[in-house]
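> Make a model of this:
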Amino acid sequence: MSAITLKAVEKWYGPVQVIKGIDLEVHAGEFVVFVGPSGCGKSTLLRMIGGLEEISRGQLMIAGRDATSEAPSQRGLSMVFQSYALYPHMSVAENMGFSLKTAGAPKAEIDAKVGAAAEVLKLEEMLERRPKDLSGGQRQRVAIGRSIVRDPTAFLFDEPLSNLDAALRVEMRYEIAKLHQRLEKAMIYVTHDQVEAMTLADRIVVLDAGRIAQVGTPRELYERPANLFVAQFIGSPKMNVMPCTTTGGRWSIEGGRGDENAPEGAVHLGIRPEHIEVLPAGQGDCDVRLDVVEYLGADTFLVCDGGPLGRLTVRVIGNTVLRPGAVCGLRFERTMMSFFDANGQTLR
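Okay, here's the model as predicted:
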């Protein structure tokens with residue numbers, strides 16, 4: 001059964017359309033992540049699902065019922081924002097149980113639900129503390145706990161970790177993944193962080209200028225992007241894309257060499273940094289000059305000047321004897337190459 005279904009959903013601000021006919025189905029218990037560049041509409045779409053933005057056209061279904069015109073409080077959803085928005089004069093327990101208290105729930109029920117949420121989030125020893133006594137990660141867990149006690153149909157997360165430092169983001173990413181496994185509730189998560197998207201999602205929705213560019217598992221998007229936009233947006237470093245020509249099933253690149261087995265109509269060749277082999281100059285598919293060596297411990301990125309091919313990035317394991325200024329050859333792994341037509345659509 002679907003937890004949330006969007007049918008031809010649009011959002012207009014006067015004459016300006018920002019969400020352009022979104023069709024999407026989020027299954028019960030599924031973790032779906034919205035990603036895309038700034039201004040693509042991912043937070044707007046989330047707020048439309050939550051009822052904080054009006055749906056101009058289209059239909060929203062929640063747990064099988066039409067919720068297009070329902071008030072936010074009627075939708076059975078719970079939102080967690082970038083801002084914790086905790087009441088500073090209330091304890092952790094009071095913050096978590098506030099929505100139940102205002103709804104008139106009995107104290108015993110509130111205590112039970114707050115206690116259960118605190119156990120899930122490892123907040124049992126902090127229930128009497130005030131928000132000022134907590135770290136950023138602990139405050140975010142309280143904000144999540146406030147959502148859990150409502151037992152919603154689905155959780156909506158709007159960049160909840162962006163205010164945290166790098167170490168806390170890693171910790172909270174783990175906490176959210178474990179939370180999803182325990183609660184088995186649908187979750188929709190907005191982020192600009194590709195690591196969060198790739199590690200948390202069952203499926204990723206890539207948005208581009210208010211439209212869905214592709215929906216799929218992290219592996220599908222990474223290995224089989226539907227178009228040039230997704231190919232260069234998903235992955236860090238991004239996919240290397242260079243101009244190519246195809247004639248009679250053979251591809252070639254300017255200033256380099258070529259090979260057979262290419263789809264007709266391809267004008268761009270794409271290859272991920274880890275699918276390139278470094279060889280001596282004069283060997284492989286092209287020669288490049290090494291500009292920058294970025295040592296990251298387990299991996300090293302070689303940023304190369306490919307002349308007419310543009311800047312190319314190669315991922316190698318650990319350290320390398322190559323230094324800036326060196327000229328080397330690159331060979332592309334044949335089974336991992338992507339080809340795109342003049343409209344940016346994937347041919348293979």
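> who's in contact with E30?
A3, A186, M187, D202, R203 (C-beta atoms under 8 Å, 6 or more residues apart in numbering). Quick note: C-beta positions are derived from backbone N, CA and C, even for glycine.
> now R173
L161, V195, E196, T199, L200.
> Tell me where this structure has helices.
42-50, 92-102, 107-121, 136-148, 166-183, 194-200, 218-223, 228-233 (DSSP state H).
> With distance to C244 and mean pLDDT added, can I get those helices in JSON lines?
Formatted as JSON lines, these follow (distance: least, C-beta to C-beta, whole Å; pLDDT from 0 to 100):
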{"stretch": "helix 42-50", "distance to C244": "32", "mean pLDDT": "96"}
{"stretch": "helix 92-102", "distance to C244": "57", "mean pLDDT": "89"}
{"stretch": "helix 107-121", "distance to C244": "51", "mean pLDDT": "89"}
{"stretch": "helix 136-148", "distance to C244": "46", "mean pLDDT": "87"}
{"stretch": "helix 166-183", "distance to C244": "38", "mean pLDDT": "87"}
{"stretch": "helix 194-200", "distance to C244": "26", "mean pLDDT": "92"}
{"stretch": "helix 218-223", "distance to C244": "20", "mean pLDDT": "94"}
{"stretch": "helix 228-233", "distance to C244": "13", "mean pLDDT": "94"}
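> would you list the ones you listed in a markdown table and tack on distance to G344?
Output for the helices of the chain, formatted as a markdown table (distance: least, C-beta to C-beta, whole Å):
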| stretch | distance to G344 |
| --- | --- |
| helix 42-50 | 20 |
| helix 92-102 | 46 |
| helix 107-121 | 43 |
| helix 136-148 | 38 |
| helix 166-183 | 31 |
| helix 194-200 | 20 |
| helix 218-223 | 15 |
| helix 228-233 | 4 |
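> Tell me the strands beside the lowest-mean-pLDDT helix or strand in the chain, with direction?
Every helix and strand in the chain was compared by mean pLDDT, DSSP states H and E; the lowest is strand 258-260, with a mean of 83. Strand pairing for strand 258-260, using DSSP bridges, gives strand 250-252 (antiparallel).
> out of the contacts of R173, who's nearest V35?
Using C-beta to C-beta, E196 comes nearest to V35 of the contacts of R173, at 8.6 Å.
> any idea how far the nearest residue in space to that closest one that is not next to it in sequence lies from V32?
Spatial nearest neighbour of E196, chain neighbours left out: R173 (5.9 Å); criterion: C-beta to C-beta, 6 or more residues apart in numbering. R173 sits at a distance of 16 Å from V32 (criterion: C-beta to C-beta, to the nearest Å).
> With L179 instead?
Taken as C-beta to C-beta, the span from L179 to V32 is 15 Å.
> try T245
Note on T245: its distance to V32, by C-beta to C-beta, is 39 Å.
> so V16 bridges to which residues?
Going by DSSP bridges, V16 forms beta bridges with Y13.
> That one: how many residues sit nearby?
If you count neighbours by other C-beta atoms under 10 Å, V16 ends up with 8.
> Same question for G39.
Neighbours of G39 (other C-beta under 10 Å): 12.
> Let me see the contact set for R130.
P88, H89, M90, S91, V92.
> What about the first one, how many residues nearby?
Look at P88: counted by other C-beta under 10 Å, it has 8 neighbours.
> Can you give me the pLDDT of it?
Here, the pLDDT recorded for P88 equals 90.
> And G249, how close does it get to G258?
11 Å.
> Mind checking which of the two has more residues around it?
G258 (16 against 10).
> Would you agree that one is in contact with G248?
No. Judged on C-beta atoms under 8 Å, G258 makes no contact with G248 at a distance of 11.2 Å.
> ok, V9 touching G58?
Yes. With contact defined as C-beta under 8 Å, V9 reaches G58; the gap is 3.6 Å.
> ok, now which ones touch the nearest residue to K113 once chain neighbours are set aside?
Nearest residue to K113, sequence neighbours excluded (C-beta to C-beta, 6+ apart): V149, at 4.3 Å. If you count contacts by C-beta under 8 Å, 6+ apart, V149 has them with M96, G97, S99, L100, I110, K113, V114, A116, A117.
> again, 6 Å this time
M96, L100, K113, V114, A117 (C-beta atoms under 6 Å, 6 or more residues apart in numbering).
> and those residues as a markdown table, adding distance to D133 and neighbour count?
Listed next are the contacts of V149 as a markdown table, based on distance: C-beta to C-beta, whole Å; neighbours: other C-beta atoms under 10 Å:
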| residue | distance to D133 | neighbour count |
| --- | --- | --- |
| M96 | 15 | 29 |
| L100 | 23 | 20 |
| K113 | 23 | 19 |
| V114 | 18 | 24 |
| A117 | 19 | 25 |
